[in-house]
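need a 3D model of the following:
(chains A and B)
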2 protein chains.
Amino acid sequence: MNPFNQLNFSGGPGVLPACVLAEIQQAIMEVPGTRLSLLGISHRSDWFAAVVTELEDNVRSLLGLGKNYHVLMLQGGATQQFSMVPMSLLRGKTQAAEYVQTGYWSSKPIADARREGPVRVIWSGESSGYRCLPTDDELAFSEDASYLHYVSNETVEGLQFQRVLGRDDVPRVCDMSSDFLSRPCEAERFSIIYAHAQKNIGPAGVTMVLLRDEILESVNRDLPDFLNYGTQIASHSNFNTPPVFSIYVTLLVTRWLLHQIGGLKKVDAINQQKAQKIYGFIDGSGGFYRGRAKPADRSLMNTVFELPSKELEASFLAESSAAGFSGLGGHRAIGGIRASIYNALGLAAVDQLLDFMQDFQRRH
Amino acid sequence: MNPFNQLNFSGGPGVLPACVLAEIQQAIMEVPGTRLSLLGISHRSDWFAAVVTELEDNVRSLLGLGKNYHVLMLQGGATQQFSMVPMSLLRGKTQAAEYVQTGYWSSKPIADARREGPVRVIWSGESSGYRCLPTDDELAFSEDASYLHYVSNETVEGLQFQRVLGRDDVPRVCDMSSDFLSRPCEAERFSIIYAHAQKNIGPAGVTMVLLRDEILESVNRDLPDFLNYGTQIASHSNFNTPPVFSIYVTLLVTRWLLHQIGGLKKVDAINQQKAQKIYGFIDGSGGFYRGRAKPADRSLMNTVFELPSKELEASFLAESSAAGFSGLGGHRAIGGIRASIYNALGLAAVDQLLDFMQDFQRRH
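Residues are numbered from 1 along each chain as shown, chains lettered A, B, ... in the order given. Next up is the predicted model:
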């Protein structure tokens, strides 16, 4: 065991459960029951087909979804989805897609969508520095939009929606990269959900995409196969060699969520407890630690805060690193401090961080 | 140690060196010098920037290339390159790209290229069942082609070119997925070389692309960033979260090639020795084992052969599996037997296989 892994507060890649790391270590030498290393086993083997089936089923089970949802494991990150979504749903259309711009990550896909068709940004928090999310009154969704796209959790600014946006008669597409499988999310109300793995569900190198059956009828299939949702669905994410390692690790994480944690309600309760501890401490610090986001819009995944000066922030990062914590620097786009508390970041690690923060404040 | 890993004759993923597997096992818990798991360490860290730089340099060093070659580590497999190459070099062009169709894998990219522009197949072995490669007399390359594309080693049929094809005044593009870094290859004569990792250089999930500086002048950059060679080069394969695990393993394999094996001439000599042992044994088996490819075109990486009947082939596969060998089944497209002997498959494993083959022949 390496205790420092459990003190990784990075915005991504996130911590993986210690028991999963131990299983991966073993699988590097030999996957149980196969005689082979995880890195030498064939993606055309019965073993791998069973991995994919179990992973698809675990994700549906965790989210309460039926077989009308297809579960894909693709390469290219959420970034590839920024393009695949409009290539599939917007190319050649005259009705605009609607995008909600709430921070760093929801801004990125807007440019990619504009390459493919008309886009309407129906709300932007840019001028106010992305410190809050829109209220319902500020959002007017069109009934004839090609689709609605938004990001459920803004990793950089630490903002998270606590409700589902949009109209039920317009396809909803959501980038859930940084809070997927961290809480129940009414997944059955979405046409497409995508999430790269490296926050809550696995290592970098694989991205999960959920597609509701109905949306496939209107999906453009005149695309190269690797960008074609239809081809990928038909081959169960095995059209060409998939990232077997990352997919297997993701399976192990879903097993942990299902069988050790006990599902999304349970992990949500723990995540709420962790976030409340940090935000409670910040709010009670007499202004020494200052939460960046409007309190009602605070993220349960990424707690973003500032200190009274840039010098103190630099000291905080240097001293926390010396104390064994890692990943506490804010995103390069905005600076400050960010403590990301994904599923596998434990309550004990949060308590250790708060002890450090209390001590740091006392000394400065 | 798990001895079965070293008896993996699969067409892909290939064996990794035992010492590399041991290093990966350690890195899953803690990357030396970082305090963090390989799966938790940031792709924006100084550590990862050094990994990418060393890997780029190792590849250039192994191939004798200068800084005029860019080395990329991308996602999506060779399959993504089947599209990226013509998107980048053929879209909007009137001069055809020339493709040489020598087997299963060189056939795939032809359809993807035709989506983007005019394609001319200048030679096809399809009607003869892909049992041989073209001679120089059979190939007429045009001086005005947009580029020439071919596959250096046909993994499925076991065919390998022992020379560089094409004209020096037309950009040469080569899919070297299954023999990259297995021998010296006159890399400086190619404009683009691509190779997925999972044969000789690493695990599935990363694909290496080498681009010569001059070709960038004519590369189409009006593409989404993840498909844009220019963007990927500018960011040193770190435009969006890269597959850190697969890239690190690939670095470890290049270190092994450089420092333990001693470079490409050395590994080529070993690979020749392994292939000669197998082909020599087959040719001396009195017709019991029958090499599929024309002897002059035989692959040093994939030895493909047949037995006198389908029943004997089935027995061969069942008994070899029981004896601890894996991956000996031919590709699903053609059947038969295939013993793939990539860089990390040792001479001792080849000797064990030949002992088994001799015993099998005696018993049947």
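
quick check, pLDDT for residue A:3.
Listed pLDDT for residue A:3 reads 89.

list the contacts of it.
residue A:324 (CB atoms under 8 Å, 6 or more residues apart in numbering or on different chains). To be clear about C-beta, it is placed using only N, CA and C from the backbone, and glycine gets the same treatment.

can you check the one 3 residues further on too?
Applying CB under 8 Å, 6+ apart, we find residue A:6 in contact with A:15, A:18, A:345-346, A:348-349.

now it, what's its secondary structure?
helix (DSSP: H, G, I helix; E, B strand; the rest coil).

same question, residue A:123
The three-state assignment at residue A:123 reads strand, by three-state DSSP.

with the one 4 residues further on instead?
In terms of secondary structure, residue A:127 is helix; the call rests on three-state DSSP.

for it, grab the count of nearby residues.
Neighbourhood size, residue A:127 [other CB atoms under 10 Å in any protein chain shown]: 6.

again with residue A:311
10.

again with residue A:44
By other CB under 10 Å, the residues close to residue A:44 number 16.

gap between it and residue A:240?
11 Å (CB to CB, to the nearest Å).

now residue A:221
17 Å.

just residue A:101 next, same as before
According to CB to CB, residue A:101 stands 34 Å off from residue A:240.

again with residue A:311
For residue A:311, the distance to residue A:240 - CB to CB - is 51 Å.

and residue A:217, by the same measure?
Counting by CB to CB, the gap from residue A:217 to residue A:240 is 25 Å.

was I right to think residue A:265 contacts residue A:184?
Yes - contact criterion CB atoms under 8 Å: residue A:265 and residue A:184 qualify, at 6.2 Å.

so the two - more neighbours on which side?
Neighbour comparison, residue A:265 and residue A:184: the larger count goes to residue A:184, with 14 against 10 (by other CB under 10 Å).

return only those of the contacts of residue A:6 found close to chain B.
residue A:15 (CB under 8 Å from any CB of the partner chain).

scan the contacts of residue A:6 and report the most crowded one.
Neighbour max across these (other CB under 10 Å) = residue A:15, 28 neighbours.

which residues in chain A form strands?
A:69-74, A:97-101, A:119-124, A:148-151, A:153-154, A:159-160, A:172-175, A:192-196, A:207-212, A:290-291, A:302-306, A:337-340 (DSSP state E).

let's have these in JSON lines, adding distance to chain B.
Output for the strands of chain A, formatted as JSON lines (distance: least, CB to the nearest CB, whole Å):
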{"stretch": "strand A:69-74", "distance to chain B": "9"}
{"stretch": "strand A:97-101", "distance to chain B": "16"}
{"stretch": "strand A:119-124", "distance to chain B": "14"}
{"stretch": "strand A:148-151", "distance to chain B": "15"}
{"stretch": "strand A:153-154", "distance to chain B": "16"}
{"stretch": "strand A:159-160", "distance to chain B": "20"}
{"stretch": "strand A:172-175", "distance to chain B": "13"}
{"stretch": "strand A:192-196", "distance to chain B": "7"}
{"stretch": "strand A:207-212", "distance to chain B": "9"}
{"stretch": "strand A:290-291", "distance to chain B": "24"}
{"stretch": "strand A:302-306", "distance to chain B": "15"}
{"stretch": "strand A:337-340", "distance to chain B": "11"}
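
quick check: which of these is buried the most?
Among the strands of chain A, ranked by average contacts under mean count of other CB atoms under 10 Å in any protein chain shown, first place goes to strand A:153-154 (a mean of 28).

can you name every helix or strand that it contacts?
helix A:104-114, strand A:159-160 (3 or more CB pairs under 8 Å, 6 or more residues apart in numbering or on different chains; DSSP states H and E).

please identify which of the ones you listed is closest to residue B:96.
Closest approach to residue B:96 among the helices and strands packed on strand A:153-154 is made by helix A:104-114 (30.4 Å; CB to CB).

how about the closest one as CSV, C-alpha atoms only?
The C-alpha trace of helix A:104-114 is given here as CSV (Å, rounded to 0.1, in the frame of the first residue of the first chain):
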residue,chain,number,x,y,z
TYR,A,104,-14.4,26.1,-18.9
TRP,A,105,-15.6,22.7,-20.0
SER,A,106,-19.0,23.7,-21.4
SER,A,107,-17.3,26.4,-23.5
LYS,A,108,-15.0,23.9,-25.3
PRO,A,109,-17.7,21.9,-27.2
ILE,A,110,-19.4,25.0,-28.5
ALA,A,111,-16.7,25.7,-31.1
ASP,A,112,-16.7,22.0,-32.2
ALA,A,113,-20.5,22.1,-32.6
ARG,A,114,-20.3,25.2,-34.8
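
buried residues in that helix?
A:104-110, A:112-113 (16 or more other CB atoms under 10 Å in any protein chain shown).

so which of these reach chain B?
Okay, of the buried residues of helix A:104-114 touching chain B (CB under 8 Å from any CB), that's residue A:112.

ok, residue A:93 to chain B distance?
To chain B, residue A:93 is 18 Å away according to CB to the nearest CB, to the nearest Å.

wait, doesn't that residue sit right on residue A:146?
Yes - in this structure, residue A:93 is within contact of residue A:146 by CB under 8 Å, at 5.0 Å.

looking at those two, which one has more neighbours?
Using other CB under 10 Å as the criterion, residue A:93 and residue A:146 rank with residue A:146 on top: 26 against 17.

what parts of the stretch 151-300 of chain A come near chain B?
Counting by CB under 8 Å from any CB, the stretch 151-300 of chain A comes close to chain B at A:196, A:198, A:203-206, A:224-227, A:239-246, A:249.

what do you get if the cut-off is 6 Å, keeping everything else the same?
By CB under 6 Å from any CB of the partner chain, the residues of the stretch 151-300 of chain A that approach chain B are A:203-205, A:224, A:226, A:240-241, A:243-245.

try the stretch 1-150 of chain A
Applying CB under 6 Å from any CB, one finds that the stretch 1-150 of chain A approaches chain B through A:2, A:4-5, A:8, A:10, A:13, A:15-16, A:21, A:24-25, A:28-30, A:35, A:37, A:39-40, A:42, A:75-77, A:79-80, A:83, A:112.

and the longest helix seen in chain A, C-alpha only, in CSV?
Secondary structure of chain A per DSSP state H: the longest helix is helix A:264-283. Extracted in CSV, the C-alpha atoms of helix A:264-283 (Å, rounded to 0.1, in the frame of the first residue of the first chain):
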residue,chain,number,x,y,z
LEU,A,264,-25.3,5.5,-6.2
LYS,A,265,-27.5,6.6,-3.3
LYS,A,266,-24.9,5.4,-0.9
VAL,A,267,-22.0,7.0,-2.6
ASP,A,268,-24.0,10.2,-2.9
ALA,A,269,-24.6,10.3,0.8
ILE,A,270,-20.8,9.9,1.4
ASN,A,271,-20.0,12.5,-1.2
GLN,A,272,-22.5,15.0,0.3
GLN,A,273,-20.9,14.4,3.7
LYS,A,274,-17.4,15.0,2.4
ALA,A,275,-18.4,18.2,0.6
GLN,A,276,-20.4,19.5,3.6
LYS,A,277,-17.3,19.1,5.8
ILE,A,278,-15.2,21.1,3.5
TYR,A,279,-17.7,23.9,2.7
GLY,A,280,-18.7,24.0,6.3
PHE,A,281,-15.1,24.5,7.3
ILE,A,282,-14.5,27.1,4.7
ASP,A,283,-17.6,29.1,5.6
